[in-house]
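> fold the following, please.
(2 chains)
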There are 2 protein chains.
Amino acid sequence: MSPSTPFDPDELLRDDEEQAPAVRGPRRRTIGEGPAAGREILTNTASTRVARVAGLARRSARSKHRRFLVEGPQGVREAVRFSQERVLDVYLTEVALERHSEIWQEAQDAGLYAHVVSGPVMEAMSRDAQGVLAVVAMDEATGSEALARALEGARLVAVLAEAQDPGNAGTMIRAADAAGADAVILARGSVEATSPKVVRASAGSLFHLPVVTGVALDDAVDAVRAAGLTVLAADARGDFDLFEAGDLLAAPSAWLLGNEAHGLPPEALGLADAVVSIPVYGKAESLNVAAAAALCLYTSARAVR
Amino acid sequence: MSPSTPFDPDELLRDDEEQAPAVRGPRRRTIGEGPAAGREILTNTASTRVARVAGLARRSARSKHRRFLVEGPQGVREAVRFSQERVLDVYLTEVALERHSEIWQEAQDAGLYAHVVSGPVMEAMSRDAQGVLAVVAMDEATGSEALARALEGARLVAVLAEAQDPGNAGTMIRAADAAGADAVILARGSVEATSPKVVRASAGSLFHLPVVTGVALDDAVDAVRAAGLTVLAADARGDFDLFEAGDLLAAPSAWLLGNEAHGLPPEALGLADAVVSIPVYGKAESLNVAAAAALCLYTSARAVR
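Sure, this is the predicted structure:
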């Protein structure tokens, strides 16, 4: 949640921003040594640039400018490596520059705009960046055409239905990536894929595989079925035990995964070819949804291999 | 983080609190119908009771009074079912009373102190309770004797080393419970087991299996080995693939699980009988630690069965 401001920072955006005279005098500092030697350190916490970047914490600003924040070294590193054409700016503090010089170097090699900023400037742009921040353009993996492209040749897909907790959504994207899934579909009614917490929890996986948005759940199910995938719903009310499902899992599959509070919506169970449950050996009622996703996706990945 | 207060609410605690005259007049309301008909609704947000309960968000108050908060219907339900001797008070709003009448009924049947509170009173006590809150006494599963008791006959144990993110710690306790683990050891240097986020993320599992605290990691490893368990470290630098580890997993085991940011501390790898890795089939560097815990514990549980 960003604090309310007396003005919309977006309104401050001007094309001549980059040419605005920098603050000179005692506040001007440059890097003494290392890979960024001679570069000026951005120290003005009141600049329009800082306001613009910080503003991307708000959904409205993300939608308007079609860009979002990637916070933390892992996410930024993966964005620079796997989606450099979308990376608009990279920001590192001096401390982070020393610790993560490879990020700076890779950004330089890719010809990206990379900036060294003071601690207060970083803090003003993001409190969750651990010194490393990027602004990345949204891509267009949204709608039925993007979905069809993402599903070409796919053998393992995660379909998140009403994923409303951003931490869980990001963790599920990361688990899908680790399990070797070909795509994630974040069906309509889910959190926004570019909200800061989703991006952070995905730990860079957002840049490793297509994450398709803007598709209704039933359209997503139609599409994955048309792509030849078996549709499996992960739900406690299942007919199959995940670990006894055998042949069912050997076919290319799309997993429908629900949300933490309510599991899958009832209509989703009806859309699936089979409903599969993770057995609970102890007294827990269920698993956390992201842990459940990891188990389902890995069990499928193992069965297909 | 609780806001700083001009006084310590604990200092307000008096033994005669229960006998303090209730506020009469227009603020007095009673329940009209249902299982709690005739019961007075607690409406005074300024009462010492409210201050005392809200104060348990602070670690110092929990330590001093040896009690903690359980927020949300799932956690409270499990506390009432599995640890009723430790439940000191149960609070429900009118709305929650209707939706979760079984919690009220079970609390009544167990002879627990159950209270109906107004929305503002609940809000003042906790913002994460979804209308259902309990105050529970800490138990004494701490130190080497408690550990030895918890390990009697154990075949699957999770040892959390430096678990610092409370959400992940709670989710790992829940995953251990679901996988049928006999105990969780939250080694020294980890978050406090009774902090509100750990309790919420454990979704009641805290009341299903012993969660032993106050033990150093090396002492925990000595104890689980003395109990006849193989010590497995989950780490990306492993010699064994989790899914190819075969016989290694068929023996009763204790899993050493690290933290999100740094994995296992190097000395923990040296303490283990074997270091086991979850294969990554995609481009992710690793899995979320709680998802990894679920995979390791379930794979062991399957191998032992």
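> spatially central residue for chain A, please.
Nearest to the geometric centre of chain A sits A:Val199, at 3.4 Å (C-alpha atoms, centre = their mean).
> nearest residue to that residue in space, ignoring adjacent ones along the chain?
The shortest distance from A:Val199 to any non-neighbouring residue, by C-beta to C-beta, 6 or more residues apart in numbering or on different chains, is to A:Val70 (5.6 Å). In short, each C-beta sits where N, CA and C put it, glycine included.
> now A:Ala183
A:Ala150 is the one closest to A:Ala183 (C-beta to C-beta, 6+ apart), at 4.1 Å.
> chain center to the helix or strand in which the residue nearest to the centre of chain A is found, what's the gap?
According to DSSP states H and E, A:Val199 maps onto helix A:196-202. In terms of C-alpha atoms, centre = their mean, to the nearest Å, the centre of helix A:196-202 is set 5 Å apart from its chain centre.
> so what does it touch, helix or strand wise?
Under the contact definition 3 or more C-beta pairs under 8 Å, 6 or more residues apart in numbering or on different chains; DSSP states H and E, helix A:196-202 sits against strand A:67-71, helix A:73-82, helix A:166-178.
> OK, contacts around A:Leu264?
A:Ala161, A:Ala233, A:Ala234, A:Asp235, A:Leu256, A:Leu257, A:Gly258 (C-beta atoms under 8 Å, 6 or more residues apart in numbering or on different chains).
> gap between it and B:Val211?
Per C-beta to C-beta, to the nearest Å, A:Leu264 is found 30 Å from B:Val211.
> how about A:Ala220?
For A:Ala220, the distance to B:Val211 - C-beta to C-beta - is 39 Å.
> and if you look at A:Asn44?
Distance from A:Asn44 to B:Val211, by C-beta to C-beta: 49 Å.
> show me how chain A divides into domains.
Domain ranges of chain A: A:9-137, A:144-304, per automatic domain parsing.
> buried deepest among those, which one?
For these, average neighbour numbers computed from mean count of other C-beta atoms under 10 Å in any protein chain shown are highest in domain A:144-304, which has a mean of 21.
> what's across from the residue nearest to A:Gly214 when sequence neighbours are not counted in the sheet?
Spatial nearest neighbour of A:Gly214, excluding adjacent residues (C-beta to C-beta, 6+ apart): A:Thr142 at 3.7 Å. Beta-bridge partners for A:Thr142, by DSSP bridges, are A:Thr213.
> how much space separates A:Thr142 from A:Thr213?
Distance, A:Thr142 to A:Thr213, by C-beta to C-beta: 5 Å.
> what does A:Ala37 give?
42 Å.
> ok, now A:Ala154?
17 Å.
> ranges for the helices of the stretch 1-150 of chain A?
Secondary structure of the stretch 1-150 of chain A (DSSP state H, counting those that start in this stretch): helices located at A:48-55, A:59-65, A:73-82, A:94-99, A:101-109, A:119-125, A:144-151.
> could I get these as TSV with mean pLDDT?
Shown next, in TSV, are those (pLDDT from 0 to 100):
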stretch	mean pLDDT
helix A:48-55	97
helix A:59-65	95
helix A:73-82	97
helix A:94-99	94
helix A:101-109	96
helix A:119-125	98
helix A:144-151	92
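> next, format the ones you listed as CSV and append distance to B:Ser118.
Shown next, in CSV, are the helices of the stretch 1-150 of chain A (distance: least, C-beta to C-beta, whole Å):
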stretch, distance to B:Ser118
helix A:48-55, 38
helix A:59-65, 33
helix A:73-82, 43
helix A:94-99, 48
helix A:101-109, 52
helix A:119-125, 40
helix A:144-151, 48
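> what residues does the stretch 51-200 of chain A put near chain B?
Residues of the stretch 51-200 of chain A found near chain B (C-beta under 8 Å from any C-beta of the partner chain) are A:74, A:78, A:82, A:167, A:171, A:174-181.
> tell me the one among those nearest to chain B.
When those are ranked by distance to chain B (C-beta to the nearest C-beta), A:Gly180 comes first, at 2.9 Å.
> dump the residue contacts of that closest one.
A:Gly180 sits next to A:Leu156, A:Ala301, B:Val280, B:Tyr281, B:Gly282 when contact means C-beta under 8 Å, 6+ apart.
> identify the bridge partners of the first one.
So that's A:Leu156. With DSSP bridges as the rule, A:Leu156 is bridged to A:Ser253.
> thought it was touching A:Ser253?
Yes - counting by C-beta atoms under 8 Å, A:Leu156 does reach A:Ser253; the two are 6.2 Å apart.
> okay, and the common contacts of the two?
Taking C-beta under 8 Å, 6+ apart as the contact rule, A:Leu156 and A:Ser253 both touch A:Ser300, A:Val304.
> picking that back up, would you mind putting the contacts of A:Leu264 into TSV with secondary structure alongside?
TSV is the format used below for these (DSSP: H, G, I helix; E, B strand; the rest coil):
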residue	secondary structure
A:Ala161	coil
A:Ala233	strand
A:Ala234	strand
A:Asp235	coil
A:Leu256	strand
A:Leu257	strand
A:Gly258	coil
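> just the closest of those to A:Cys296, please.
Nearest to A:Cys296, judged by C-beta to C-beta, of the contacts of A:Leu264 is A:Ala234 at 4.9 Å.
> does that closest one touch A:Gly258 like I think?
Yes - when contacts are counted by C-beta under 8 Å, A:Ala234 is listed as touching A:Gly258 (7.2 Å).
> using PDB, write out the CA atom coordinates for stretch A:145-153.
What follows is stretch A:145-153, C-alpha atoms only, in PDB (Å, rounded to 0.1, in the frame of the first residue of the first chain):
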ATOM      1  CA  GLU A 145      -3.600 -15.700 -28.800                       C
ATOM      2  CA  ALA A 146      -0.800 -15.400 -26.200                       C
ATOM      3  CA  LEU A 147      -2.200 -18.400 -24.500                       C
ATOM      4  CA  ALA A 148      -2.200 -20.500 -27.700                       C
ATOM      5  CA  ARG A 149       1.400 -19.500 -28.300                       C
ATOM      6  CA  ALA A 150       2.400 -20.400 -24.800                       C
ATOM      7  CA  LEU A 151       0.800 -23.800 -25.100                       C
ATOM      8  CA  GLU A 152       2.500 -24.900 -28.300                       C
ATOM      9  CA  GLY A 153       4.300 -28.200 -27.600                       C
END
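> who's in contact with it?
Taking C-beta under 8 Å, 6+ apart as the rule, stretch A:145-153 contacts A:140-141, A:157, A:182-183, A:185, A:210, A:212, A:215, A:219-220, A:223-224, A:227, A:229.
> show me which of those is closest to chain B.
Among these, and counting by C-beta to the nearest C-beta, the member closest to chain B is A:Asp182, at 8.9 Å.
> give me the nearest residue to that closest one, chain neighbours excluded.
A:Ala154 (3.8 Å).
> what about that neighbour, which SS state?
coil.
> how close does it get to A:Ala268?
For A:Ala154, the distance to A:Ala268 - C-beta to C-beta - is 19 Å.
> swap in A:Ala46?
Distance, A:Ala46 to A:Ala268, by C-beta to C-beta: 49 Å.
> do A:Leu209 as well
If you go by C-beta to C-beta, the gap between A:Leu209 and A:Ala268 works out to 22 Å.
> the helix or strand containing A:Ala293 - contacts with which helices or strands?
Assessed by DSSP H and E, A:Ala293 sits inside helix A:289-304. Helices and strands touching helix A:289-304, by 3+ C-beta pairs under 8 Å, 6+ apart, are strand A:156-160, helix A:166-178, strand A:230-234, helix A:247-250, strand A:253-257, helix B:166-178, helix B:289-304.
> among those, which comes closest to A:Ala272?
Across the helices and strands packed on helix A:289-304, closest to A:Ala272 is strand A:230-234 (C-beta to C-beta), at 3.6 Å.
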